[in-house]
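> Model the following, please.
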Amino acid sequence: MSNPFENKVALVTGAAGAIGGSITKLLAELGARVVAVDIKEDWVSEHDNVTAIRANLEEPQEMYSLIGAVMDQEKRLDMVAHCVGLSLRDEWEDIRGDRVRQQIWVNQMSAVFITNISASFMKDEGGGHILLFGSGAEQQCTAGHSVYAMCKAGVRAYGETIAKELKDHGIYVNVIWPSAMSEMNPTSPCSPDDVAKFVGGLFMTKKYGHVFSVAGDKIMRVNQRELAPLALTI
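As a prediction, the model looks like this:
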């Protein structure tokens, strides 16, 4: 059988994090060429199929430059896993404008810019997949994280809506809600590797406009506030 990931190019943001790192590693091992992005100064990757780049996704110009560089180097872009996220804990009386702006840009506006810029290239290259990361925090309300929950709710709404616009161009957009355990504890039963395997499986389908709740090997499709079991992995 032919390898569906061979000669494909993937962009992964938040690649130094647990989930972004697992997705980067898996896609590279499957044969994709991965451009892996994070803001950390010492961000590196040892995999031959990975090009590690430092970028600040609070800045629109850096996002344009980033994807422009991918196209200049690779000449194509097939998959995007936009894993970046930022939650700054603030009780309601301590919320400040600069911290709100930072969270909106990192969590929400970067999803809009990365999606739109990527789609502008994908539509001329036969389509592709774009995966945005929301968060169950918008339903599992946690004190001190109201701004983060607001931002991630916006990512979900944007992803579901833009998916309807892009499907006619062969671009399939979905949203994932990773569990906190999957993100924060790589040794727990809810490993980031399980999220990565689901992402790899999703990239082989033509599903679009879905929100998937992922907690280890427990995958649920979120649809109009109802959860329906789903098994999808590579």
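> who does the longest strand along the chain touch, helix- and strand-wise?
When every strand of the chain is counted residue by residue (DSSP state E), the longest turns out to be strand 171-178. For strand 171-178, the helices and strands in contact under the criterion 3 or more C-beta pairs under 8 Å, 6 or more residues apart in numbering; DSSP states H and E are helix 110-122, strand 128-133, helix 146-166, helix 192-202, strand 211-215. Just so you know, the C-beta spots here come from the backbone N, C-alpha and C atoms, and that holds for glycine as well.
> export those to CSV and tack on distance to E6 and mean neighbour count?
What follows is the helices and strands packed on strand 171-178, written out as CSV (distance: least, C-beta to C-beta, whole Å; neighbours: other C-beta atoms under 10 Å):
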stretch, distance to E6, mean neighbour count
helix 110-122, 18, 21
strand 128-133, 15, 26
helix 146-166, 24, 20
helix 192-202, 13, 23
strand 211-215, 25, 22
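> which stretch in those has the least confidence?
Between the helices and strands packed on strand 171-178, the one with the least mean pLDDT is strand 211-215; it has a mean of 83.
> now it and helix 146-166, what's the angle there?
Between the axis of strand 211-215 and that of helix 146-166 there is an angle of 130 degrees, by axes from the mean of the first three to the mean of the last three C-alpha atoms, to 10 degrees.
> got TSV for the helices and strands packed on strand 171-178, with distance to R99 too?
What follows is the helices and strands packed on strand 171-178, written out as TSV (distance: least, C-beta to C-beta, whole Å):
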stretch	distance to R99
helix 110-122	16
strand 128-133	20
helix 146-166	7
helix 192-202	26
strand 211-215	27
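> Ranking helices and strands of this protein by mean pLDDT, which lands last?
With mean pLDDT, DSSP states H and E as the measure, the helix or strand of the chain carrying the lowest mean pLDDT is helix 180-184 (a mean of 48).
> For D48, find the nearest of the helices and strands packed on strand 171-178.
Using C-beta to C-beta as the criterion, the shortest distance between D48 and the helices and strands packed on strand 171-178 is 18.3 Å, found for helix 192-202.
> Now the closest one - C-alpha only, PDB.
Extracted C-alpha coordinates of helix 192-202, given in PDB (Å, rounded to 0.1, in the frame of the first residue of the first chain):
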ATOM      1  CA  PRO A 192      -0.800  13.200  24.000                       C
ATOM      2  CA  ASP A 193       0.200  10.200  21.800                       C
ATOM      3  CA  ASP A 194      -3.400   9.200  21.700                       C
ATOM      4  CA  VAL A 195      -4.400  12.600  20.500                       C
ATOM      5  CA  ALA A 196      -1.700  12.500  17.800                       C
ATOM      6  CA  LYS A 197      -2.900   9.100  16.600                       C
ATOM      7  CA  PHE A 198      -6.400  10.400  16.300                       C
ATOM      8  CA  VAL A 199      -5.100  13.500  14.400                       C
ATOM      9  CA  GLY A 200      -3.200  11.200  12.000                       C
ATOM     10  CA  GLY A 201      -6.400   9.200  11.400                       C
ATOM     11  CA  LEU A 202      -8.500  12.300  10.900                       C
END
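> Distance of the residue nearest the centre of the chain relative to G159?
Computing the C-alpha centroid of the chain and ranking residues by C-alpha atoms, centre = their mean puts H82 first, at 2.5 Å. Here the criterion is C-beta to C-beta, to the nearest Å. By it, H82 lies 9 Å from G159.
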